[in-house]
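S.K.: output the structure for:
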Amino acid sequence: MDLEVFVAEHRADWARLDALTRRRRRLSGDEIDELVGLYQRTATQLSMVQASGLDQALAARLSSQLARSRAAVSGAQSSGWQAVGRFAAVSFPAAAYRMRWWWLGCAAGSILVAVLVGWRVAGSHTLQASLLPRSGVARLVHHQFRHYYSATDARSFAAHVWLNNIVVAGETVILGVLIGIPVLYVLAVNAVNGGVVGALMISHGRSGEFWGLILPHGMLELSAVFLAAAAGLRLGWAVVDPGPRPRVRALAEEGRALITIAIGLVPVLLVSGVIEAFVTPSPLPTWARIGIGAIAEAAFLSYIFVIGRRAAAGEVGDIIEAPDQLPVAG
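M.R.: Got it, this is the predicted structure:
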């Protein structure tokens, strides 16, 4: 199949189908018949695109258009809550699953940098002294690190953490358009900071306290940040290598998919913020706090890799209100 010829041949029909769908309450009898015919032809064309495997973004757009037109053809009404439910069940997990390799790359790279930095700092007292004076290290290790999680009211702290994480994730997503370089910088800074703090805590005999305070919320929080970074890098890569698509079109498609990720991460970061404010500093035993964080992380990963895989395979972008196109894993 020649994709450009196929699109040029059927673009007018798709535009007409969209126009009739938008006017579905004011259609004449002939226009209703035309709508049904266009719907059936577009469904056949979607099957051809999916079978060819040439352009997942086009398949997603047609699937989304058919979802809207289906309501017009059947006379069903789609409520706002149905759109929200479809976004949660299809759009977001499918988008996240489709960029799983970018996501894994961000996680693996960040963890590797943090481990290497931590190993280097932990093994060199000279390097530690150059980073912080002895009194500063003592304050961090014995007071500041733990006190940070309980210094303010838990509700205010949860709101602060949530908003801060949204800002960080949002910056990571948006900066991807600059060929992904700022995204890599943000990831590197976070990894280095984490490695340094971890090294100072562990080298002063506070490893249990460090992991007990980082892991409960950190697993879910970092997963969200890595996913945001993956979306940003995916957008940046569309600038470098748009593939067979025109660069402007590739940016538009990846940008719409990126919005799906950004919106979907808002409740995820809310959960991690609540855990950080109420679970991390709680008097629960360390195993219980880490267990709560592990359950939240397992639930999130299962959501993406089970529901997202099914949505990406069987209902590519079959969305009603969310962005029309989903990212395609490279």
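S.K.: is it true that residue 178 touches residue 236?
M.R.: Yes: counting by CB atoms under 8 Å, residue 178 sits close enough to residue 236 to count as a contact (6.8 Å). From N, CA and C alone the C-beta is placed, and that goes for glycine too.
S.K.: of these two, who's got more company?
M.R.: Neighbours per residue, other CB atoms under 10 Å: of residue 178 and residue 236, the larger number sits with residue 236, 21 against 13.
S.K.: I'd like the distance between that one and residue 266.
M.R.: With distances defined as CB to CB, to the nearest Å, the gap from residue 236 to residue 266 amounts to 22 Å.
S.K.: same question, residue 123
M.R.: Look at residue 123 and residue 266: by CB to CB, they are 40 Å apart.
S.K.: compare these two (neighbour count), which wins?
M.R.: Set side by side, residue 123 and residue 266 show unequal neighbour counts under other CB under 10 Å, the larger going to residue 266 at 14 against 11.
S.K.: without its sequence neighbours, what residue ends up closest to the more buried one?
M.R.: Leaving aside its sequence neighbours, residue 266 sits nearest to residue 166 (CB to CB, 6 or more residues apart in numbering; 6.4 Å).
S.K.: name the helix or strand for the one you found, please.
M.R.: Per DSSP states H and E, residue 166 falls inside helix 154-174.
S.K.: check the offset of that helix from the chain's centre.
M.R.: 14 Å (CA atoms, centre = their mean, to the nearest Å).
S.K.: give me the contact list for it.
M.R.: Applying CB atoms under 8 Å, 6 or more residues apart in numbering, the contact partners of helix 154-174 are 149, 151-152, 182-183, 186-187, 221, 224-225, 228-229, 231-232, 235, 258, 261-262, 265-266, 269-270, 272-274, 276-278, 281.
S.K.: so what pLDDT did residue 154 get?
M.R.: Among the per-residue scores, residue 154 shows a pLDDT of 79.
S.K.: what ranges does the stretch 1-150 of the chain have for its helices?
M.R.: In the stretch 1-150 of the chain, the segments counted as helices under DSSP state H, counting those that start in this stretch are 3-22, 29-52, 56-74, 80-86, 92-98, 100-122, 125-131, 134-139, 145-147.
S.K.: so the longest one versus helix 56-74, what angle?
M.R.: Just to be clear, that refers to helix 29-52. Calculated by axes from the mean of the first three to the mean of the last three CA atoms, to 10 degrees, helix 29-52 forms an angle of 150 degrees with helix 56-74.
S.K.: so what does helix 29-52 touch, helix or strand wise?
M.R.: Counting contacts by 3 or more CB pairs under 8 Å, 6 or more residues apart in numbering; DSSP states H and E, helix 29-52 packs against helix 3-22, helix 56-74.
S.K.: cool, the last one as well?
M.R.: The contact analysis (3+ CB pairs under 8 Å, 6+ apart) places helix 145-147 against helix 207-240.
S.K.: go on, the third one?
M.R.: Judged by 3+ CB pairs under 8 Å, 6+ apart, helix 56-74 is in contact with helix 3-22, helix 29-52.
S.K.: re earlier: winner for burial among the helices and strands packed on helix 29-52?
M.R.: Per-residue neighbour counts averaged over each of the helices and strands packed on helix 29-52 give the maximum for helix 56-74, namely a mean of 21 (mean count of other CB atoms under 10 Å).
S.K.: just how off-centre is that one within its chain?
M.R.: Averaging C-alpha positions (CA atoms, centre = their mean) puts helix 56-74 23 Å from its chain's average.
S.K.: just stretch 296-309 next, same as before
M.R.: 12 Å.
S.K.: how about stretch 174-184?
M.R.: Here the centre of stretch 174-184 is set off from its chain's centre by 15 Å, with CA atoms, centre = their mean.
S.K.: can you give me the end-to-end span of it?
M.R.: End-to-end distance of stretch 174-184 (CA to CA, to the nearest Å): 13 Å.
S.K.: since we're on the nearest residue to residue 227 once chain neighbours are set aside, how many residues are nearby?
M.R.: Across the structure, with CB to CB, 6+ apart as the measure, the residue nearest residue 227 apart from its sequence neighbours is residue 103 (5.2 Å). Per other CB under 10 Å, the neighbour tally for residue 103 reads 24.
S.K.: same check, this time on residue 127
M.R.: By other CB under 10 Å, the residues close to residue 127 number 13.
S.K.: tell me the contacts of the residue nearest to residue 13 when sequence neighbours are not counted?
M.R.: Closest residue to residue 13 apart from its sequence neighbours, by CB to CB, 6+ apart: residue 38 at 5.8 Å. Contact criterion CB under 8 Å, 6+ apart gives 13, 16-17, 20, 69 as the residues in contact with residue 38.
S.K.: one more time with 10 Å
M.R.: For residue 38, the set of contacting residues under the criterion of CB atoms under 10 Å, 6 or more residues apart in numbering consists of 10, 13-14, 16-21, 65, 69, 73.
S.K.: out of these, which is nearest to residue 110?
M.R.: Residue 110 has its nearest neighbour among those in residue 65, at 37.9 Å by CB to CB.
S.K.: so that closest one sits against residue 16, correct?
M.R.: No: assessed by CB atoms under 10 Å, residue 65 is found out of contact with residue 16, at 11.1 Å.
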